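Trainee: compute the structure for the input listed below.
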Amino acid sequence: MTPEDIKQLRLDLGLAQKKPIVMTQAAFARYLRLRSAATVNRWERGRKVPLPATMNRLLRLRERTPRRVEIEEVTP
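Mentor: Numbers count the residues shown, from 1 in each chain. Sure, this is the predicted structure:
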């Protein structure tokens, strides 16, 4: 999962809410139960990579994200 994929996942999760929002890095960090939004910022800039357990959570989230599913269904 690239830094761009992580950012897109964060944005897609915000859009998937009943009332769509722009999910901030801080909100995404809370959603993932991380200690700091700085962690998400480092991932999105490519300075750090998520730990294996967190990467697995991100991959599972990406699989369940509605917007991503819609994009994949439309793409040939």
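Trainee: contacts, neighbours, all on C-alpha from now
Mentor: Will do.
Trainee: secondary structure class for Glu44?
Mentor: With DSSP: H, G, I helix; E, B strand; the rest coil as the basis, Glu44 sits in helix.
Trainee: surely it meets Met1?
Mentor: No: in this structure, Glu44 is not within contact of Met1 by C-alpha atoms under 8 Å, at 10.4 Å.
Trainee: which of those two has more neighbours?
Mentor: Glu44 (20 against 12; other C-alpha atoms under 10 Å).
Trainee: excluding chain neighbours, what is closest to the more buried one?
Mentor: Nearest non-adjacent residue to Glu44, counting by C-alpha to C-alpha, 6 or more residues apart in numbering: Pro3, 4.3 Å away.
Trainee: and the one you found, how far from Leu51?
Mentor: Between Pro3 and Leu51 the computed distance is 14 Å (C-alpha to C-alpha, to the nearest Å).
Trainee: which of these two has more neighbours?
Mentor: Taking neighbours as other C-alpha under 10 Å, Pro3 and Leu51 compare with Pro3 leading, 18 against 9.
Trainee: in contact with the more buried one, which residues?
Mentor: Contacts of Pro3 were listed using C-alpha atoms under 8 Å, 6 or more residues apart in numbering, and they are 43-46.
Trainee: next one: Ser36
Mentor: Contacts of Ser36 by C-alpha under 8 Å, 6+ apart are 26, 29-30.
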